[in-house]
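Participant: Using only what follows, build the 3D model:
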Amino acid sequence: MQNTSQSQLEMARNASDISGLNNLREAMASGNGEVLQEAAQQFEAIFVQMMLKSMRKAQDALADEDSPFNSEQVKFYRDMHDQQLAVDLSSNGGLGLADLIVKQLGQQDPDYRPASTLRSDGNLSSINRERAEAVSRAQATMLDSASAGSQSAYKAAMFSDQQDFVETLYPYAEKAAEALGTDARAIIAQAAVETGWGQYVIHDKHGNSTHNLFGIKANNQWQGEQAVVDTLEFSNGVPERRKAAFRQYDSLESGLADYVDFIRTQPRYQQAVAKGADASQYFNELQQAGYATDPQYASKVMAVYRSDAVQGYQP
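Facilitator: Numbers count the residues shown, from 1 in each chain. Here you go, the predicted structure:
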């Protein structure tokens, strides 16, 4: 039985034998403990073959195209030779890659220890995770110390559905739109994108809504109530979760009134105000001026603006 298994392993080392994988399976079924070593050597052979192939390609780039030693037939037999050479090299020690694979997968060597137990800095994922957690803690500390009276907040639904969102918001949006010279439905669409149709409105720790539907942050000039909550910001097109302080209002009416004041008094948004009659240009100008970090912000708002839920509403 042992001789049969050994013969099967030897047959598996023939690079031209397409039944090599089946020979490995039969040897494994017979309980031969050398199958793992053979499989590891086959893997190393593939690696060596890839290196040889890369070397040959580099050589072909410099070869004389008219040379009789550069024909397709010569290359065919040369590749067959390289395949068998890779198998022979790996079965006779090779690069040592096969031995490492056997140690890692076989787990039979008592002296073998994985790198993670020897070097904690070898685990890059843990480094990145710890760094992200450290940044998050630092941001929270800075916000807590710099924002006097800020609240620990969370996001929750303020409206039952899209229809309730549009119907409730429309009278206030109409007044805000008149002040900005734009469409009330555009104001509603922007609020829908900022809050997920009112399902993710910021609430303070007492469960009171901040009525902040436009993601306006509490800067140094803001003297009112504020709430700190997790938010998604884009840096070089990559979304990152951060903590930020947002303004808090006592009603939807005051929230939209502050939105109007915020847009009209900021010099960088004057181009948007000037083009308020065209909703698409209005939001493009807001995005260009840095209202949001999402590179797709304007297109997302316009998609909601054109939706049936917004355009189909009749006051």
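
Participant: For the stretch 51-200 of the chain, just list every one of the helices.
Facilitator: Assigned by DSSP state H, counting those that start in this stretch, the stretch 51-200 of the chain shows helices spanning 72-91, 97-106, 115-118, 124-146, 162-180, 184-195.

Participant: distance of the nearest residue to residue 52 once chain neighbours are set aside from residue 88?
Facilitator: Closest residue to residue 52 apart from its sequence neighbours, by C-beta to C-beta, 6 or more residues apart in numbering: residue 82 at 4.5 Å. C-betas here are computed from N, CA, C, even on glycine. The gap separating residue 82 from residue 88 is 11 Å, by C-beta to C-beta, to the nearest Å.

Participant: the more surrounded of the two?
Facilitator: residue 82 (18 against 14; other C-beta atoms under 10 Å).

Participant: got a pLDDT number for the more buried one?
Facilitator: Looking at residue 82, its pLDDT is 79.

Participant: For it, which residues are in contact?
Facilitator: By C-beta atoms under 8 Å, 6 or more residues apart in numbering, the contact set of residue 82 is 49, 52, 53, 56.

Participant: How about residue 276?
Facilitator: 180, 181, 182, 282.

Participant: looking at this, it is in a helix?
Facilitator: No - Residue 276 is assigned coil when assessed by DSSP: H, G, I helix; E, B strand; the rest coil, not a helix.

Participant: what about the nearest residue to residue 189 once chain neighbours are set aside, distance to residue 163?
Facilitator: Once flanking residues are discounted, residue 189 sits nearest to residue 305: 3.8 Å by C-beta to C-beta, 6+ apart. Going from residue 305 to residue 163 by C-beta to C-beta gives 16 Å.

Participant: What of residue 171?
Facilitator: 15 Å.

Participant: quick revisit: among the contacts of residue 82, who's most crowded?
Facilitator: For these, neighbours tallied by other C-beta under 10 Å; top is residue 49, 20 neighbours.

Participant: Show the pLDDT at residue 151.
Facilitator: On the pLDDT scale, residue 151 gets 47.

Participant: From residue 219, how far out is residue 235?
Facilitator: From residue 235 to residue 219 the distance is 19 Å (C-beta to C-beta).

Participant: scratch that, residue 168
Facilitator: 28 Å.

Participant: neighbour count winner among those two?
Facilitator: residue 168 (16 against 10).

Participant: Not including adjacent chain positions, what is the nearest residue to that one?
Facilitator: residue 159 (6.4 Å).

Participant: Kindly report the same for residue 181.
Facilitator: residue 276 (4.0 Å).

Participant: Likewise for residue 155?
Facilitator: residue 200 is the one closest to residue 155 (C-beta to C-beta, 6+ apart), at 4.2 Å.

Participant: Settle this for me: the one you found is touching residue 156, isn't it.
Facilitator: Yes - counting by C-beta atoms under 8 Å, residue 200 touches residue 156, with 7.5 Å between them.

Participant: ok, and what's touching stretch 163-175?
Facilitator: Outside stretch 163-175, the residues that reach it (C-beta under 8 Å, 6+ apart) are 159, 184-185, 187-188, 191-192, 197-198, 213, 252-253, 256, 309-310, 313, 315.

Participant: let's see it at 7 Å
Facilitator: 159, 184, 187-188, 191-192, 197-198, 252-253, 256, 309-310, 313, 315 (C-beta atoms under 7 Å, 6 or more residues apart in numbering).

Participant: buried ones in it?
Facilitator: 165, 166, 168, 169, 170, 172, 173, 174 (16 or more other C-beta atoms under 10 Å).

Participant: Next, give me the two most distant ones among the residues you listed.
Facilitator: 165 and 174 (14.7 Å; C-beta to C-beta).

Participant: for the stretch 201-315 of the chain, what spans make up the helices?
Facilitator: 252-265, 270-274, 279-288, 297-305, 308-311.

Participant: As JSON lines, these with distance to residue 223 and mean neighbour count would be great.
Facilitator: Below are the helices of the stretch 201-315 of the chain laid out as JSON lines (distance: least, C-beta to C-beta, whole Å; neighbours: other C-beta atoms under 10 Å):
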{"stretch": "helix 252-265", "distance to residue 223": "12", "mean neighbour count": "18"}
{"stretch": "helix 270-274", "distance to residue 223": "24", "mean neighbour count": "16"}
{"stretch": "helix 279-288", "distance to residue 223": "25", "mean neighbour count": "20"}
{"stretch": "helix 297-305", "distance to residue 223": "28", "mean neighbour count": "19"}
{"stretch": "helix 308-311", "distance to residue 223": "34", "mean neighbour count": "14"}
